[in-house]
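Q: Structural data only, the sequence is not supplied:
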């Protein structure tokens, strides 16, 4: 019993349940709990940037071989493109087969104001993406600094204090994570209280499709990628269960990003690969967001009874492959990217986005969880591919005694 009450997973799960109940029965009070979720995510963000900078710069400087850094970066870009393309195609195929938008009565759907998202979509450029994405900015600075440090003659004088700083940043993070139940409670209470479970009914089929597709993607596509290196997706998910619950409660993969970096290193991924792949993946490897975007576009086409030709579907795929890469670091990014895509395709009415506002928050959990797991799998896969993975550490981290138990 004592072990249960000292387990962070238990408290986060209890907080999510309590938040959902408060949101359902006392919505006015629940909406006020938003400050708890927002504050927790804000505090975690303060840790993301120093952790990314310290991990990447120290990792690159310790690599010594800049060609290796370039090779890892190249593999990461190729991996991101292939896997997110799979996610995009799966989303479109499932939407085409299940047809979640057919038969939906538009008059039953409570719309919302999308003017702000449309305006931001018109302003969206890659420069805007970089300017509004501090994670990517820190990533670039850390890479440049790490390359300079690797060439610096007296680099040990700089590496030593940075290593000490990294140690204490992670120690401080451990204390902050004790507040995770409060953040999860606030996030869940606000979501249920603000939007209400009744908003799910008209668009329930779309929600179910998105969740089922994300689950299939995780256990089939990502599962196969891990299985290639004889690692079980189930063991990995069990290993990061605390982080998954935090992401579920807060609807943000940022909330558990620093903790994921630490856990991946602890299970055998090299510091240099982890530090490069996780932050880069946060901006460019958004599997869940890609699935959501593709299914939303197909859903709106079905709601308006628009029969898309094969040519138009390929145009949507091409546009989403580009625009989805800007889906992180921009406020309301999902709707901004959707607005950009619909504007570019010029087939589906832009006003249709208003129908998605009511359930978008409920689908954000599926996006965030899939993005989070996808970046973890990407790091493990590339670490193994680079032979920068310690399987003995993995066995110890998973709490197993032999390689057979991991498979």
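A: Thanks, I have it. Worth saying up front: this structure is predicted, and the values here are computed from it rather than measured.
Q: contacts, neighbours, all on C-alpha from now
A: Fine.
Q: low pLDDT regions in the protein?
A: For the chain, applying pLDDT under 70 flags the ranges 1-6, 62-66, 104-133, 198-202, 323-336, 358, 400-407.
Q: Which strand or helix spans the residue nearest in space to the middle of it?
A: Taking CA atoms, centre = their mean, the centroid of the chain lies closest to residue 371, which sits 3.0 Å from it. Element membership of residue 371, judged by DSSP states H and E, is helix 357-385.
Q: So which bits of that helix are buried?
A: 357-360, 362-384 (16 or more other CA atoms under 10 Å).
Q: Report all helices and strands that whichever helix or strand comes after that helix contacts.
A: Counting by DSSP H and E, the next helix or strand C-terminal to helix 357-385 is helix 391-398. Packing partners of helix 391-398 (3 or more CA pairs under 8 Å, 6 or more residues apart in numbering; DSSP states H and E): helix 233-239, helix 257-266, helix 403-406.
Q: Using CSV, lay out those helices together with distance to residue 103 and mean neighbour count.
A: Shown next, in CSV, are those (distance: least, CA to CA, whole Å; neighbours: other CA atoms under 10 Å):
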stretch, distance to residue 103, mean neighbour count
helix 233-239, 37, 16
helix 257-266, 40, 21
helix 403-406, 46, 14
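Q: got these as TSV, with distance to residue 287 columns?
A: Formatted as TSV, the helices and strands packed on helix 391-398 follow (distance: least, CA to CA, whole Å):
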stretch	distance to residue 287
helix 233-239	16
helix 257-266	16
helix 403-406	25
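Q: And those helices: which comes nearest residue 184?
A: Among the helices and strands packed on helix 391-398, helix 257-266 comes nearest to residue 184, with 14.9 Å by CA to CA.
Q: Kindly calculate the angle that that closest one makes with helix 357-385.
A: 20 degrees (axes from the mean of the first three to the mean of the last three CA atoms, to 10 degrees).
Q: from what I can see residue 184 touches residue 16, true?
A: Yes. Residue 184 lies in contact with residue 16 (CA atoms under 8 Å); the separation is 5.8 Å.
Q: tell me, what's touching the two both at once?
A: residue 249 (CA atoms under 8 Å, 6 or more residues apart in numbering).
Q: Among those two, which residue is more densely surrounded?
A: More crowded of residue 184 and residue 16, by other CA atoms under 10 Å: residue 184, with 33 against 25.
Q: how much space between the more buried one and residue 221?
A: 28 Å (CA to CA, to the nearest Å).
Q: Then residue 93?
A: Applying CA to CA to residue 93 and residue 221 gives a distance of 15 Å.
Q: Check residue 301 too.
A: Applying CA to CA to residue 301 and residue 221 gives a distance of 27 Å.
Q: Ok, residue 155 next?
A: Taking CA to CA, one finds residue 155 at 42 Å from residue 221.
Q: ditto for residue 196
A: Residue 196 is 33 Å from residue 221, by CA to CA.
Q: and what of residue 292?
A: 16 Å.
Q: now swap in residue 236 and tell me
A: 14 Å.
Q: Same check on residue 180?
A: Taking CA to CA, one finds residue 180 at 30 Å from residue 221.
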